[in-house]
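> Quick one, structure for this:
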Amino acid sequence: MTRNKRTDLAVELQEGATRETPGVSRWEQALAAGWQCTWIRVETPEAARALGKPCGTYCTLQGEDLAAQSREQLHRFAEAAAPVFLKWEALRRAERVLVVGLGNRAITPDAFGPRVCEGLFVTRHLRAELPFLRQEGYREVSAMVPGVMGVTGMQTREIVRGVVEQARPDLVIAVDALASERMRRVGSVLQVSDTGIQPGSGLGSAPAAIDETYLGVPVLAVGMPMVTYAAVIAEDLIYTAFRGKAEEGDIAALAQAVGMAEGAEWIVTPKHIDLLVRKAAEAVSMLLNLALHPAFDAETAALLCE
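Down below sits the predicted model:
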């Protein structure tokens, strides 16, 4: 299927490549709780240009729609996924971590990042008063929600860099809502990468990146697709309805025509987006609490998110 790429997910860009891309490697890893982990490494500038993603490592956790999961299932996902974060040396070595919740609180699908920050166990202000937080197994964690330029009048990354200069973290974790070109991946995929993040890139805007080059410290980007495009849904329906009943070329031509029709650029969310954002934010908050504070058990991490 040939499409204009409307996605933030490296796995979708790699799947959509017409041929194998030199300098891009991919491998799979099974996790507990029924989740699958796909790793993609972009190793050369040529591969980065071909794929449309910066050089680095991308981890995609694929499972079931989190909106349909019970609280116990959300907690099992967090327990299974937390060790994945320790694959990155930047997190293993970090003593001070700043978590940034990107997005607009007032727009439901874009509130994912801010909602994740609400469930974090932040400790930067407590370590002087509570000595146990300075022991092994706990990190100095702070969090911020910088808002969006339409509200603040400032570029988000300018605000983040100002806080980084004051707080001096060893690592920044940027959490944001993403766009996918597969409706089935909305709310059921979590992408983690060490390349920083370009807020809004999957929606066609091209803001400057929040990355190590700009901030001066490593950046892990954590995101979950919350939106897709109307054209994507229409194209999927066409392929589902006509595959095996018409020539592949005719199906592709029809799908391409639909993708260029009026309304194709409409951004679509599931009707249960409020439930999805709430449950996904709870799961990712718990995941980060477990990854950032290894001394916590799952029960304690879950209580902090309530």
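> what about residue 236, how many neighbours?
17 (other CB atoms under 10 Å). The way it works is simple: take the backbone N, C-alpha and C, and place the C-beta from them, glycine included.
> these two touch, right, it and residue 183?
Yes - taking contacts as CB atoms under 8 Å, residue 236 lies within contact range of residue 183: 6.4 Å.
> Residue 80 against residue 37, yeah?
No - counting by CB under 8 Å, residue 80 sits too far from residue 37 to count as a contact (9.2 Å).
> any shared contact partners between the two?
residue 31 (CB atoms under 8 Å, 6 or more residues apart in numbering).
> Next up, the contacts around residue 113.
Neighbouring residues of residue 113 by CB under 8 Å, 6+ apart: 100, 101, 102, 103, 145, 174, 175, 176, 177.
> one more time with 6 Å, if that's ok
Contacts for residue 113 (CB atoms under 6 Å, 6 or more residues apart in numbering) come out as 101, 102, 103, 175, 176.
> Need the buried ones from the residues you listed selected in ChimeraX.
Applied in ChimeraX, the following selects the buried portion of those according to 16 or more other CB atoms under 10 Å:
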select :101,102,103,175,176
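> Redo the contacts of residue 113 as a markdown table? Include distance to residue 229 and pLDDT.
Output for the contacts of residue 113, formatted as a markdown table (distance: CB to CB, whole Å; pLDDT from 0 to 100):
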| residue | distance to residue 229 | pLDDT |
| --- | --- | --- |
| 101 | 24 | 97 |
| 102 | 20 | 96 |
| 103 | 19 | 94 |
| 175 | 22 | 97 |
| 176 | 18 | 96 |
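> Can you tell me which of the contacts of residue 113 is closest to residue 191?
Nearest to residue 191 among those, counting by CB to CB, is residue 176 at 9.9 Å.
> Could you tell me whether that closest one really is in a strand?
Yes - judged by DSSP: H, G, I helix; E, B strand; the rest coil, residue 176 forms part of a strand.
> Show me the shaky parts of the stretch 1-150 of the chain.
Applying pLDDT under 70 to the stretch 1-150 of the chain flags residues 1-5, 16-19.
> What are the boundaries of the strands in it?
Taking DSSP state E, counting those that start in this stretch as the criterion, the stretch 1-150 of the chain contains strands spanning 24-30, 36-42, 56-62, 96-101, 140-144.
> Sheet-wise, list the partners of the third one with their directions.
Applying DSSP bridges to the sheet, strand 56-62 is found paired with strand 36-42 (antiparallel), strand 189-193 (antiparallel).
> tell me the angle the host helix or strand of residue 278 makes with strand 56-62.
Per DSSP states H and E: residue 278 is located in helix 273-292. In terms of direction (axes from the mean of the first three to the mean of the last three CA atoms, to 10 degrees), helix 273-292 departs from strand 56-62 by 120 degrees.
> now helix 273-292: how far from the chain's centre is it?
Taking CA atoms, centre = their mean, to the nearest Å, one finds the center of helix 273-292 at 11 Å from the center of the full chain.
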